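**Student:** Provided below are the primary sequence and the corresponding predicted coordinates.
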There are 2 protein chains.
Amino acid sequence: MNRSDNTSSEAGRFAYEGLERAIHEKARLGIMTSLVAHADGLLFNDLKDLCALTDGNLSRHLKVLKEAGFVEIWKGQRDNRPQTLCRLTPDGRERFLEYVAELERVVADAASVAEASGKAAAPNKNLLNGWSPA
Amino acid sequence: MNRSDNTSSEAGRFAYEGLERAIHEKARLGIMTSLVAHADGLLFNDLKDLCALTDGNLSRHLKVLKEAGFVEIWKGQRDNRPQTLCRLTPDGRERFLEYVAELERVVADAASVAEASGKAAAPNKNLLNGWSPA
């Protein structure tokens, strides 16, 4: 069991301030990853399929990402049909890569522990003598 | 620019269904990572410092995680003062590691693209002939 004096020097160690909320939301994380993987952009319907979203949900999340400056939306035609094209802005791409770098820190934090502590999955019951569940 | 016929076979490729919402929220992700790194548990105040949360926010997020079966909360004493101890349940630990595995897929998806496409950061402007910003 860890004591106050062991952890107080690590204040904010697990705050992960770099996980920007506009990107971190699960559906938007999928949208951003799709778009970074398709640098020239994706048609609305393709993006919808890749992310397994409904029209309404994709529209709503794209609006958030557009207002935050991460994506740009273009209206045009392909094969004589009106289409919507979505792609990352240069700033959106840069900020997404910063976000991913923070995500890598989360994964490294969790993975290093998981490897190192097979036995720690079963903490010593005796430590809880005198404690009661809340 | 990607065409429908290139991407339709990858439906749901970026849906990331494994990103369980109870864990994915930014503050709770910090809490879970703190707790997996301290298998015997953390005192409430230490966890609060590590995650840079207020008392109220930590309480609120712990309640969500407890109700989802990820953490257990114990009341007891240390140094003659009442204390609250938080730790992962075995099931919480297992599901967190599954979540982290999905997070690793996100990072791998994004990182592989970022490395491979330095030039793709500036998409060909000509592709947008005839398209207008929305």
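**Tutor:** On my side now, so go ahead.

**Student:** okay, CA-based contacts and neighbour counts for the rest of this
**Tutor:** Noted.

**Student:** What is the three-state secondary structure of the residue of chain A most remote from its centre?
**Tutor:** Ranked by distance from the centre of chain A (C-alpha atoms, centre = their mean), the top residue is A:G130, with 40.1 Å. What DSSP: H, G, I helix; E, B strand; the rest coil gives for A:G130 is coil.

**Student:** before we move on, what about A:R13?
**Tutor:** Three-state assignment for A:R13 (three-state DSSP): coil.

**Student:** And for it, the neighbour number?
**Tutor:** Around A:R13 there are 17 other residues, counting by other C-alpha atoms under 10 Å in any protein chain shown.

**Student:** got the contact list for the residue farthest from the centre of chain A?
**Tutor:** By C-alpha atoms under 8 Å, 6 or more residues apart in numbering or on different chains, the contact list for A:G130 reads B:G76, B:Q77.

**Student:** List phi and psi for it.
**Tutor:** Dihedral pair for A:G130: phi 90, psi 0, per degrees, to the nearest 10.

**Student:** Show me the shaky parts of chain A.
**Tutor:** Residue ranges of chain A with pLDDT under 70: A:1-9, A:114-128.

**Student:** run the last query once more with 50
**Tutor:** Scanning chain A for pLDDT under 50 picks out the ranges A:1-6, A:8, A:119-122.

**Student:** quick one: the helices in it?
**Tutor:** Counting by DSSP state H, one finds helices in chain A at the ranges A:4-7, A:21-24, A:26-36, A:44-51, A:55-67, A:90-116.

**Student:** Redo those as CSV? Include mean neighbour count and distance to B:G30.
**Tutor:** Shown next, in CSV, are these (neighbours: other C-alpha atoms under 10 Å in any protein chain shown; distance: least, C-alpha to C-alpha, whole Å):
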stretch, mean neighbour count, distance to B:G30
helix A:4-7, 12, 15
helix A:21-24, 18, 13
helix A:26-36, 24, 16
helix A:44-51, 22, 25
helix A:55-67, 15, 24
helix A:90-116, 17, 8
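
**Student:** how deep is the residue lying closest to A:L88 once chain neighbours are set aside tucked in, by neighbour count?
**Tutor:** Leaving out its chain neighbours, the residue that sits closest to A:L88 by C-alpha to C-alpha, 6 or more residues apart in numbering or on different chains is A:V71, at 4.3 Å. Under the neighbour criterion other C-alpha under 10 Å, A:V71 is assigned a count of 23.
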